[in-house]
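J.: This is a predicted model, with the sequence first.
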Amino acid sequence: MIVQELSQLQQQTQMDVLLAGAAGEARDPHWRRWLVLCAAALAIGCGLLIYAETMAFYWDEGFHVLAAQLIGRGSRPYLDFFFPQPPLNTYWNAAWMRVFGESWRVVHAAAAIATGTAVLLAADFVYRTFPFPAWRLAAGLTTVLCFGLNTLVVTYATVGQAYSLCLLLIVVAFRLALVASVRASALWAWAAGLASGAAAGCSLLTAPIGPVLLAGLLWHNQAGGRVRKSLAFIFGGSLPFVPVAWLALHDFQQVFFNIVEYHLFYRKVGWSEALPHGAEVMSSWFDSGQALLLIVLALCGLLFATSKDCPAARSREYYICAWLIGAQALWLCNIHPTFPQYFVFVVPFLAILAPAGLHGLVLRFDSTGRPLWPVLLIGAFMAFGLEKSLFEQRGNMTWRDVEAIAAKVNEVTESAAPLVADEFVYFASKRVPPRRLEHADVRKLPPALAARLGLISGEELESRVLAGQFATLETCNAEFTEKLGLKSLYHHSAQFEDCTVYWDVDRSHASPAAHPPNRMVGATDCSRGRCQRSRVDVFVARSATGRAPARFRPRTAIVRCAAGPPARHS
């Protein structure tokens, strides 16, 4: 028995040495321990890829991948179709689909790879800069676990929206800004500005990252001129918006409305309780074990940064992380309506602060400071929270369900027949919507504004549906179905869980057309390969409130799903 205990103690000691390294080791890490860190990040990346190719699906990614499909076929955002988002992530997805084909699998694979790379870059930064050499590998692994197993990251940074690319870009911008503060060359500042500007060019949710990094660069600059570096940073940050400026030269009104005016005045339409909803989102952090763990560890890490035991260089890095977390959280709290997944952009910086907090807590309760069991406990806790969330998502819709719906739509609908469908069905069926009707949120715009912008209001759409102007209609909204009486308007239907395809209009139940068919905008059908323009309508079926079934909104450990269908949010 004594021999067995000695053998187990020796194995544990060897694992602690592998995690920690020698106490007097030089700054450069041993290549074997760095490879262990890379292997852990690679394992997380493989898990993200598997999830992305199997379970990952989110309602709002439909119009993101559809927009990328349209761009790949020659359309221009804002000018040719309504798209209230910055365009860089859409061009990114379009580029991948141009190379590997128009498929959601391509987009999801690119997202998983970008997120996995962001996890590796954050962990590598912690590994190389952690102030205690005996904890470098343990610190890096803690960042990998806190970042890569976070529920928000796994659920939302593996789909076609901008979360994955933004995570990669803000981590790159953070590292470049820190290098720029100690290098005399302004090129590093330019690169940091370029990365932060590209993140904002993918999603305006990351807008605070650039200003905070610029302020940190100026405050902690140790070499080179501050003015020169700040100008280089600003110049780099403005380059990703050149495509937007070029599009604005063609039609400033459309571009300004899509990117600015819509978010200021019309995004909250249909959200009479946006402020209470935001308060509920904020309080939901207390319902998430993962979120509480990250916050506690980050606060402990920030306390360490204020102590005399923390080197000055590391204190500056930790303070910048804290500024980024605070500015980003404040920005997201003031977006109405806001949603839990928006806070995925604070996760990298919480994960960078977390190892310092873990180290301090371990030393307080264990004088030996062995990292093995603390890291294992962190990993087990994060994995349990993720498993719980994925288990709750087991009944959610996936892209395989969408492909089945799209196959039925193509089966019962001729190539040039008028069609109503959701964005993801347009994408999967390769049927391109008509100009400026690609995004369902146009339906909540006031009729006068819609007419001024060349769009069709929700009232006009409903009158055309009731007039039987659409050969086929697909919807996943029971409220929309009941309101318009679709079951009596069409002879045939096919049910796919929460979604239904209707076809073959019953003319005896159709009402007189309030809007004649010759007013319809042109639509493009590419289901048969070659795109052809036809004067038909292709609309998105959504109720006037813009609400979607709760089944399409993945539940996470950070927030409870409210009763009833949630509204779309991008």
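T.: In hand now; what should we look at? Remember, it's a predicted structure, so these values are computed and weren't measured experimentally.

J.: from here on, contacts and neighbour counts on C-alpha atoms
T.: Noted.

J.: contacting residues for A313?
T.: For A313, no contacting residues are found, by C-alpha atoms under 8 Å, 6 or more residues apart in numbering.

J.: mind listing the helices for the stretch 251-400 of the chain?
T.: Under the criterion DSSP state H, counting those that start in this stretch, helices of the stretch 251-400 of the chain are mapped to 252-256, 274-283, 289-305, 312-333, 347-365, 372-392, 399-412.

J.: list the helices and strands the first one packs on?
T.: In other words, helix 252-256. When contacts are defined as 3 or more C-alpha pairs under 8 Å, 6 or more residues apart in numbering; DSSP states H and E, helix 252-256 packs onto helix 242-250.

J.: Recalculate using a threshold of 7 Å.
T.: Taking 3 or more C-alpha pairs under 7 Å, 6 or more residues apart in numbering; DSSP states H and E as contact, there are no helices or strands that helix 252-256 lies on.

J.: May I see the buried residues of that helix?
T.: Buried residues in helix 252-256, counted by 16 or more other C-alpha atoms under 10 Å: 254-255.

J.: Looking at that helix now, give me its mean pLDDT.
T.: Averaged over helix 252-256, pLDDT sits at 91.

J.: now swap in the last one and tell me
T.: Averaging pLDDT along helix 399-412 gives 94.

J.: Quick one: residues in contact with that helix.
T.: 57, 425, 428-429, 496, 501 (C-alpha atoms under 7 Å, 6 or more residues apart in numbering).

J.: can you rerun that using 10 Å?
T.: 53-58, 104-105, 419-422, 424-431, 471-474, 492, 494-497, 499-504, 527-528 (C-alpha atoms under 10 Å, 6 or more residues apart in numbering).

J.: Got a quick PyMOL command for the buried subset of these?
T.: Buried residues among the contacts of helix 399-412 (16+ other C-alpha under 10 Å), as a PyMOL selection:
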select buried, resi 53+55+56+57+58+104+105+419+420+421+422+424+425+426+427+428+429+430+431+471+472+473+474+499+500+501+502+503+504+527
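
J.: Looking at the contacts of helix 399-412, which are in helices?
T.: If you go by DSSP state H, those have 53-54, 104-105, 424-429 in helices.

J.: can you list the residues you listed in JSON lines and add distance to I405 and pLDDT?
T.: JSON lines is the format used below for these (distance: C-alpha to C-alpha, whole Å; pLDDT from 0 to 100):
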{"residue": "E53", "distance to I405": "18", "pLDDT": "95"}
{"residue": "T54", "distance to I405": "17", "pLDDT": "93"}
{"residue": "W104", "distance to I405": "15", "pLDDT": "96"}
{"residue": "R105", "distance to I405": "17", "pLDDT": "96"}
{"residue": "F424", "distance to I405": "10", "pLDDT": "92"}
{"residue": "V425", "distance to I405": "7", "pLDDT": "92"}
{"residue": "Y426", "distance to I405": "10", "pLDDT": "92"}
{"residue": "F427", "distance to I405": "11", "pLDDT": "94"}
{"residue": "A428", "distance to I405": "9", "pLDDT": "94"}
{"residue": "S429", "distance to I405": "9", "pLDDT": "92"}
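
J.: Quickly note the distance from the closest residue to R98 other than its chain neighbours to T90.
T.: Residue nearest to R98 in three dimensions, not counting chain neighbours: G72, with 6.5 Å by C-alpha to C-alpha, 6 or more residues apart in numbering. G72 sits 10 Å away from T90, going by C-alpha to C-alpha, to the nearest Å.

J.: The two: which is more packed in?
T.: Legend: neighbour count by other C-alpha atoms under 10 Å for G72 and T90, higher for T90 (25 against 19).

J.: For the more buried one, which non-adjacent residue is spatially closest?
T.: Leaving aside its sequence neighbours, T90 sits nearest to A68 (C-alpha to C-alpha, 6+ apart; 5.0 Å).

J.: Over to F424?
T.: Closest to F424 by C-alpha to C-alpha, 6+ apart is G62, at 4.2 Å.

J.: which of the helices of the stretch 251-400 of the chain is buried the deepest?
T.: Ranked by mean neighbour count, the helices of the stretch 251-400 of the chain are led by helix 347-365 with a mean of 22 (mean count of other C-alpha atoms under 10 Å).

J.: In the helix or strand hosting I44, which residues are buried?
T.: In the assignment (DSSP states H and E), I44 maps to helix 31-54. Buried residues in helix 31-54, counting neighbours by 16+ other C-alpha under 10 Å, are found at 33-34, 36-38, 40-42, 44-45, 47-53.

J.: number of nearby residues for the closest residue to F256 other than its chain neighbours?
T.: Closest residue in space to F256, ignoring its immediate chain neighbours: A248 at 7.6 Å, by C-alpha to C-alpha, 6+ apart. Neighbourhood size, A248 [other C-alpha under 10 Å]: 16.

J.: For W503, see how far away A248 is.
T.: From A248 across to W503, the span is 40 Å (C-alpha to C-alpha).

J.: And V153, by the same measure?
T.: 39 Å.

J.: need the contact list for P512.
T.: Each residue near P512 by C-alpha under 10 Å, 6+ apart is listed here: 463-464, 466-468.

J.: Give me the distance between it and L484.
T.: From P512 to L484 the distance is 14 Å (C-alpha to C-alpha).

J.: residue ranges for the helices of the stretch 451-570 of the chain, please.
T.: Counting by DSSP H, counting those that start in this stretch, the helices of the stretch 451-570 of the chain are 458-466, 478-484, 486-489.

J.: Report all helices and strands that the helix holding I44 contacts.
T.: Contact here means 3 or more C-alpha pairs under 10 Å, 6 or more residues apart in numbering; DSSP states H and E; on that basis helix 31-54 packs against helix 2-20, helix 104-129, helix 136-148, helix 151-156, helix 399-412.
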